[in-house]
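# sequence unknown, structure follows:
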Ligand code: UDP
């Protein structure tokens, strides 16, 4: 035991993909491991470092205050330049991409990060690397340096199982091509999961993406294991499925945002210094004056684009719902002029200030979701947002767009029963068109979650209970707390099997 105590702390390198939805949970996860005594480094590029800088600073301050690290910060950000691939300066992350050509260059640039990644492993020899699945090449790079690679995709275990089923069976291929509404069953899952054809990626239309997913999956297969931003009570059948059907090892350490919730709450007070929108402080004061559970929070993450007709219908829906609202417009993608989409009377409604506020720019989402006034969340079902709502005990109105979001909607609506869908049907990325959902439908879905009646009450109660389970998971003795400890012990034992 004495020998173990004398060892330098475990050193874990985090290497998230270059988009806020990957960086934020990676930084939160680093904070979790750092709080338990690990030294953590996050390898990223300058603009992406800025996204997580304040969260990392707060985690380091907290760790120093609790005596965790006297001089050396527990979390370090290793900043490397984004490779020159002909992108304009400042374009080095997912939300900044506005054309297919830029997207292609961006992916090429991210592959070139292999060089600084290799260099870091050679110079620092960390005990483990938590690398994004999107860096499929990092599996071989880590193996060459003898460093165990833990993969992290930032998805639910349920979505992992759905995409694995998709990759193994390609059920879309058998569905009639001319029928977007044709039901497609995902085979081999613990539940019967059926989507419409139009809600799924069509491998024939996106052969490059399909090949990339296959390669990612193969790289994850030959990795040491996977860390999930999830918790055991949330999707237990899918943990078992993962271990038995996929034959991989998983550690569930989430909800990671809860680890930084206290810190985030403190951060909300200093809006401006940590990239928050100038609207954010006013929004929090506005929420303070609203009754409990009366406000619907509306945000679609950092990569979703809404066309002017979609924005117009959403605004109509919020108005018709009769609920108070906080709406984050333009979380990176919507730069449309208000005059192009605001329906008649909506500007007046905003100007009155009693029904709703709009935040342009970055909102303190964890703080908002945990505010007593918030009673519902209209979300695109990005996994971070979904789990943040689960943690806050807030029921959801689901509006998936692409990626794993349609799978997450299934989990939220059909398996967990903590949300209602608006009926989103088209898998389409930010650069593609989709069908518009009418304001009446949006208003009805909000009512089914936040209104009177048995269905709404049952949804809210399930959300409340799930939120309690989420919070218990990360407390001392909870399943996620224990998984962090188990993984750290295992990595330590691997380092020096004779002494431990
Ligand atoms: N987020 C935030 N404020 C914003 C927009 C997003 O704090 O104004 C955070 C949100 O809390 C979540 C992440 O950004 O942690 C978005 O990740 P998610 O997986 O939900 O969606 P993505 O942006 O990857 O589609």
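Done, it's in. Treat the numbers as computed from the prediction; the structure is a model and nothing was measured. Residues are numbered from 1 along each chain as shown.
# quick one: the strands in the stretch 51-200 of the chain, in order.
75-79, 128-132, 149-152, 183-185, 194-196 (DSSP state E, counting those that start in this stretch).
# among those strands, which comes closest to residue 65?
Closest to residue 65 of the strands of the stretch 51-200 of the chain is strand 75-79 (CB to CB; 14.3 Å). For every residue, glycine as well, the C-beta is placed using N, CA and C.
# now do the closest one, average pLDDT.
Taken as a whole, strand 75-79 has a mean pLDDT of 97.
# so residue 397, which state does it fall into?
Following DSSP: H, G, I helix; E, B strand; the rest coil, residue 397 is assigned to strand.
# heads up, I number from 25, so please use that
Fine by me, first position is 25 from now on; the one you just mentioned is residue 421.
# just give me the neighbour total for it.
A count of neighbours around residue 421, defined by other CB atoms under 10 Å, yields 26.
# who's in contact with it?
320, 400-403, 443-446, 466, 469-470, 473 (CB atoms under 8 Å, 6 or more residues apart in numbering).
# export the strands of the stretch 75-224 of the chain as TSV, with columns for distance to residue 192 and mean neighbour count.
Converted to TSV, the strands of the stretch 75-224 of the chain look like this (distance: least, CB to CB, whole Å; neighbours: other CB atoms under 10 Å):
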stretch	distance to residue 192	mean neighbour count
strand 99-103	36	19
strand 152-156	22	26
strand 173-176	18	26
strand 207-209	13	15
strand 218-220	16	18
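# nearest approach to residue 487 belongs to which of the ones you listed?
Nearest to residue 487 among the strands of the stretch 75-224 of the chain is strand 218-220; the distance by CB to CB comes to 23.3 Å.
# I'd like the next helix or strand past that closest one.
Counting by DSSP states H and E, the next helix or strand C-terminal to strand 218-220 is helix 231-245.
# is the very next helix or strand once past that following helix up against the ligand anywhere?
Next along the chain after helix 231-245, taking DSSP H and E as the criterion, comes strand 249-252. No: Strand 249-252 lies out of reach of the ligand by CB under 6 Å from any ligand atom, never closer than 13.5 Å.
# so which bits of the next helix or strand after strand 249-252 are buried?
Using DSSP H and E, the helix or strand that follows strand 249-252 towards the C-terminus is helix 260-268. Neighbour-count burial for helix 260-268 flags 262-263, 265-266 (criterion: 16 or more other CB atoms under 10 Å).
# nearest to residue 241, of the residues you listed?
Distances from residue 241 to the buried residues of helix 260-268, taken by CB to CB, are shortest for residue 266, at 12.7 Å.
# tell me, how many neighbours does whatever residue of the stretch 175-324 of the chain ends up closest to the ligand end up with?
Closest residue of the stretch 175-324 of the chain to the ligand, CB to the nearest ligand atom: residue 323 (5.7 Å). For residue 323, the tally of surrounding residues (other CB under 10 Å) stands at 22.
# kindly report the same for the one 10 residues further on.
Neighbour count of residue 333, defined by other CB under 10 Å: 13.
# the helix or strand hosting residue 412 close to the ligand?
Assessed by DSSP H and E, residue 412 sits inside helix 407-416. Yes: shown here: helix 407-416 in contact with the ligand (CB under 6 Å from any ligand atom) through 407-409, 412.
# so what's the residue in the stretch 325-474 of the chain positioned nearest to the ligand up against?
The nearest approach of the stretch 325-474 of the chain to the ligand comes at residue 406, 2.4 Å away (CB to the nearest ligand atom). Counting by CB under 8 Å, 6+ apart, residue 406 touches 45, 324-325, 327, 427, 429, 432.
# same thing with residue 197?
Shown in contact with residue 197 (CB under 8 Å, 6+ apart): 227-228.
# give me the contacts around stretch 66-80.
So stretch 66-80 is contacted by 37-40, 42, 44, 47-48, 50-52, 54-55, 99-106, 114, 116-117, 137, 140-141, 144, 284, 287-288, 291, 297-299 (CB under 8 Å, 6+ apart).
# now that stretch: mean pLDDT?
The average pLDDT within stretch 66-80 is 95.
# and this protein, which residues reach the ligand?
Within the chain, the positions lying close to the ligand (CB under 6 Å from any ligand atom) are 44-45, 48, 323, 325-327, 352, 355, 386-387, 389, 406-409, 412.
# take those residues and keep only those in helices.
Among the residues of the chain next to the ligand, the residues falling in helices (DSSP state H) are 44-45, 48, 389, 407-409, 412.
# can you put those residues in JSON lines and add neighbour count and pLDDT?
Listed next are these as JSON lines, based on neighbours: other CB atoms under 10 Å; pLDDT from 0 to 100:
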{"residue": "44", "neighbour count": "22", "pLDDT": "94"}
{"residue": "45", "neighbour count": "20", "pLDDT": "95"}
{"residue": "48", "neighbour count": "24", "pLDDT": "95"}
{"residue": "389", "neighbour count": "25", "pLDDT": "94"}
{"residue": "407", "neighbour count": "26", "pLDDT": "98"}
{"residue": "408", "neighbour count": "24", "pLDDT": "98"}
{"residue": "409", "neighbour count": "24", "pLDDT": "98"}
{"residue": "412", "neighbour count": "26", "pLDDT": "97"}
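# which of those residues sits closest to residue 273?
residue 407 (20.0 Å).
# so the closest one makes contact with residue 184?
No: using CB atoms under 8 Å, residue 407 makes no contact with residue 184, being 10.1 Å away.
# if I pick the residue lying closest to residue 164 once chain neighbours are set aside, what's in contact with it?
Distances taken as CB to CB, 6 or more residues apart in numbering put residue 243 closest to residue 164, at 7.6 Å, once the chain neighbours are dropped. Each residue near residue 243 by CB under 8 Å, 6+ apart is listed here: 157, 160-164, 175.
# of those residues, closest to the ligand?
residue 157 (13.8 Å).
# just checking, the closest one touches residue 175?
Yes: applying CB under 8 Å as the test, residue 157 and residue 175 come out as touching, 5.1 Å apart.
# look up how far residue 303 lies from residue 228.
43 Å (CB to CB, to the nearest Å).
# between these two, which is the more surrounded one?
residue 303 (20 against 11).
# contacting residues for that one?
With CB under 8 Å, 6+ apart, residue 303 has these contacts: 381-385, 387.
# redo that, cut-off 10 Å
Contacts of residue 303 were listed using CB atoms under 10 Å, 6 or more residues apart in numbering, and they are 295, 310, 350, 352-353, 381-387.
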